[in-house]
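1. Provided below are the primary sequence and the corresponding predicted coordinates.
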Amino acid sequence: MNDASGQGRGIGSVATLGLLTLVALIVRAQALGNPVIGFDEQFYLLVGDRMLHGALPYVDIFDRKPIGLFLLYAGARTLGGDGFLAYKLVATGFVVATAYGVQRIARAFAPPMAAIGAAILYIFWLNLMEGEGGQSPVFYNALILVAAAMMLRAVERRASLFACGAGAMAAIGLALQIKYSVLPEGFAFGCILLWCGWRDRMAPVRLAGMALAWVALALLPTLAAWGAYAAMGEGQAWLFANFLSLGGQAARPLATELEGLAACVGILLPLALVIALGRPWRHVAAERREGFRFLLVWLAVTAVAVLLYGRFGSPHYAMPIVLPATIVAAPVLGRWRRGWLAALVAVIALAGQVVLALSERAKGGRAEALAVARAALPERGPGRGCLYVYDGYPALYMLTHSCLPSKWVFPGHLNTLDEASASAIGTDPVAEVRRILAARPGAIVDDYPRFEFGNPATRKVLGEVLARDYHLAACVPTGPSRVRLVYRRGPGPMPAHCPSEAMLAIR
């Protein structure tokens, strides 16, 4: 393959965008019809749906994610249907846009086919990391890429430093309102901008004024969100949910986090080996080396940010690393024979499809979710009560069109040990579970086997009420060793084909 100096023929922008769109739709198609691919995104869609009916995040429904993420899901919900397909198509649009940006930046450092290969690898790698749907990095990676592209122009002196910094910090500000975990990248980009000003011998007073403007742009979306809530008299609710509640979360055991970290490292290892063994910085034209050094710094900062975040319960926490890594790997891919590049792409594509299939087999898919929803459908009429998902799919509230029994409807906020204090969620979870059960839910959904880090205090309260006032109405297998349990009020026949160990879960 030829180098990145302009030799070699690529395809046009429209054709590239069309190719990336087709690739993304094909490799993500397996997840499009599954409403329960991720607990987090099921909940985000639920919040977005209820926002369209007047619910206010943090006030009516508790969570810690910034308002921008919920606005994205609310927007997707307006597209019609049941919402599950719509949000995945919107997420796919963000993936395609990000991959196209990967190709554009990589093209400055690698031949055309290698740049396209890097973009395709970005799409494929998401499937290995629970990024087949609408996890937050799927959305904010697009904004981080915009910021990085502006930073690259500033570092390489290809545009006004102030304008590039303003564009980068505005993109970071928007990304912060999707997830605050992008803060380290934003801080690092700001420091690089200051270094660029110092490198160019800019007057300190002028540079300080520019820095203040950049900081203001980065903070503006967050301050606007706080201001909007304060104007409604809910500034404290916003502040607690977005920031103060973080200090109340308990840490998971170190061994568990290390196990998750090992999984993340294993998933990223092939990409890391491509970079480490290929040493792409050796194959970049002299006039682009300063820009490539920025890409290396960006990759390092992203990796450190993921480590500092310190949560590895899901591979998607490490998903931000894939974005700069695929760009950095592009010069190496450009030196490979096309057959080698095609083989890597094919292997990662196949691995992603296997992961999606295994994940659906373990967690359940559309058929299993609808079966649980049918069994858990609350009876209509006065005094019938809402559905209560103690542990299980948050999507059930939408699939059954149930009312919400609590402000804390994400199951993990009331049933896990790391959320077991009022300082973490704003209420005593035991008291809240008692209140929910006192309202006599029409149906209760639980999960078996029980979650390893479940809250034994709320579990005890639930078990007492189930044994006294409810009967086990349905057992729906959602994987080789997992069963969703549906309880209904009053006496009733025991369901057929319910595993004996699951029957013991009511105690």
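-> Looks like it arrived, so ask away.
2. C-alpha only now, for contacts and for neighbours.
-> OK.
3. what's near enough to touch the residue nearest the centre of the chain?
-> The residue lying closest to the centre of the chain (Cα atoms, centre = their mean) is Gln135, at 2.4 Å. Shown in contact with Gln135 (Cα atoms under 8 Å, 6 or more residues apart in numbering): 40-41, 316.
4. In PDB, list the C-alpha atoms belonging to stretch 291-303.
-> C-alpha atoms of stretch 291-303 as PDB (Å, rounded to 0.1, in the frame of the first residue of the first chain):
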ATOM      1  CA  GLY A 291      -0.200  16.400  14.900                       C
ATOM      2  CA  PHE A 292       0.400  12.700  15.300                       C
ATOM      3  CA  ARG A 293       2.100  13.400  18.700                       C
ATOM      4  CA  PHE A 294      -1.200  15.100  19.700                       C
ATOM      5  CA  LEU A 295      -3.100  11.900  18.700                       C
ATOM      6  CA  LEU A 296      -0.700   9.800  20.900                       C
ATOM      7  CA  VAL A 297      -1.200  12.200  23.800                       C
ATOM      8  CA  TRP A 298      -5.000  12.000  23.300                       C
ATOM      9  CA  LEU A 299      -4.900   8.200  23.300                       C
ATOM     10  CA  ALA A 300      -2.800   8.200  26.500                       C
ATOM     11  CA  VAL A 301      -5.100  10.700  28.300                       C
ATOM     12  CA  THR A 302      -8.200   8.600  27.300                       C
ATOM     13  CA  ALA A 303      -6.600   5.500  28.700                       C
END
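5. average pLDDT for that stretch?
-> Stretch 291-303 comes out with an average pLDDT of 98.
6. And stretch 90-109, by the same measure?
-> Stretch 90-109 comes out with an average pLDDT of 98.
7. contacts for it?
-> If you take Cα under 8 Å, 6+ apart as the criterion, stretch 90-109 is touched by 4, 16-17, 20-21, 24-25, 28, 76, 114-116, 118-120, 122-123, 133-134, 138-139, 141-142, 145-146, 149, 284-285, 288, 292, 323, 326-328, 330-331.
8. try stretch 227-238
-> Where contact means Cα under 8 Å, 6+ apart, the residues beyond stretch 227-238 that reach it are 58-59, 226.
9. Quick one: mean pLDDT for that stretch?
-> Mean predicted lDDT for stretch 227-238 stands at 98.
10. Show me which positions of it end up buried.
-> By 16 or more other Cα atoms under 10 Å, the buried positions in stretch 227-238 come out as 229, 234-235, 237-238.
11. what do you get for stretch 185-205?
-> Of the residues in stretch 185-205, 185-187, 189-190, 192-194, 196-197 count as buried by neighbour count, 16+ other Cα under 10 Å.
12. just to revisit the earlier point, neighbour-wise, which of the contacts of Gln135 leads?
-> Within these, most neighbours by other Cα atoms under 10 Å means Glu41, with 23 neighbours.
13. For the nearest residue to Val47 once chain neighbours are set aside, which residues are in contact?
-> Among residues not flanking Val47 along the chain, Phe70 sits closest, at 6.5 Å (Cα to Cα, 6 or more residues apart in numbering). By Cα under 8 Å, 6+ apart, Phe70 lies in contact with 44-45, 47-48.
14. State the distance from the closest residue in space to Ile67 that isn't next to it in sequence to Leu72.
-> Excluding the flanking residues, the one nearest Ile67 by Cα to Cα, 6+ apart is Gln177, at 6.2 Å. Counting by Cα to Cα, to the nearest Å, the separation of Gln177 from Leu72 is 11 Å.
15. With Gly442 instead?
-> Computed as Cα to Cα, the Gly442 to Leu72 distance reads 31 Å.
16. neighbour count winner among those two?
-> The residue with more neighbours, out of Gly442 and Leu72, is Gly442; 23 against 18, by other Cα under 10 Å.
17. What about Arg450, how many residues nearby?
-> Applying other Cα under 10 Å, we find 14 other residues in the vicinity of Arg450.
18. swap that for Pro184, sorry
-> The burial count assigned to Pro184 is 17, neighbours taken as other Cα under 10 Å.
19. Figure out the helix or strand that the nearest residue to it once chain neighbours are set aside lives in.
-> Nearest non-adjacent residue to Pro184, counting by Cα to Cα, 6+ apart: Ala305, 5.9 Å away. Per DSSP states H and E: Ala305 is located in helix 289-309.
20. Check which element follows that helix along the chain.
-> Scanning forward in sequence from helix 289-309 by DSSP H and E, the next helix or strand is helix 322-333.
21. Which strands or helices does that next one pack on?
-> Where contact means 3 or more Cα pairs under 8 Å, 6 or more residues apart in numbering; DSSP states H and E, helix 322-333 is packed against helix 84-106, helix 112-127, helix 254-278, helix 289-309.
22. wait, what's in contact with the nearest residue to Leu268 once chain neighbours are set aside?
-> Counting by Cα to Cα, 6+ apart, Val322 is the residue found nearest to Leu268 once chain neighbours are left out, at 7.7 Å. Neighbouring residues of Val322 by Cα under 8 Å, 6+ apart: 122, 125, 268.
23. now swap in Leu71 and tell me
-> With contacts defined as Cα under 8 Å, 6+ apart, Leu71 is in contact with Gly48.
24. how about it, secondary structure?
-> helix (DSSP: H, G, I helix; E, B strand; the rest coil).
25. What pLDDT is listed against it?
-> Predicted confidence (pLDDT) for Leu71: 98.
26. distance of Glu379 from Glu368?
-> Remark: distance between Glu379 and Glu368 (Cα to Cα) = 21 Å.
27. Among the two, which residue is more densely surrounded?
-> A count of neighbours by other Cα under 10 Å puts Glu368 above the other of Glu379 and Glu368, at 19 against 15.
28. Excluding covalently adjacent residues, which one is nearest to the more buried one?
-> Thr478 is the one closest to Glu368 (Cα to Cα, 6+ apart), at 5.8 Å.
29. so what secondary structure elements neighbour the strand or helix carrying the one you found?
-> Using DSSP H and E, Thr478 falls within strand 470-479. Contacts defined by 3+ Cα pairs under 8 Å, 6+ apart place strand 470-479 against helix 338-363, helix 366-376, strand 482-489.
30. how about the ones you listed, which one is nearest Ile425?
-> With respect to Ile425, and counting by Cα to Cα, the nearest of these is strand 482-489 at 25.6 Å.
31. per-residue confidence for Ala251?
-> At Ala251, the pLDDT recorded in the model is 89.
32. could you list every residue that touches it?
-> In this structure, Ala251 makes contact with Asp418, judged by Cα under 8 Å, 6+ apart.
33. repeat for Met51
-> 57, 74.
34. most surrounded residue in the contacts of stretch 227-238?
-> Ranking the contacts of stretch 227-238 using other Cα under 10 Å puts Tyr58 first, with 24 neighbours.
35. State the distance from Ile321 to Leu269.
-> According to Cα to Cα, Ile321 stands 12 Å off from Leu269.
36. between the two, who's got more neighbours?
-> Neighbours were counted for Ile321 and for Leu269 using other Cα under 10 Å; Ile321 has more, 21 against 12.
37. Quick check: mean pLDDT of the helix or strand harbouring Pro184?
-> Using DSSP H and E, Pro184 sits within helix 183-199. Averaging pLDDT along helix 183-199 gives 98.
38. one step back: tell me how many other residues crowd the residue nearest to Ile67.
-> Neighbours of Gln177 under the rule other Cα under 10 Å: 22.
39. How about Leu472?
-> 24.
40. No further queries at this time; thank you.
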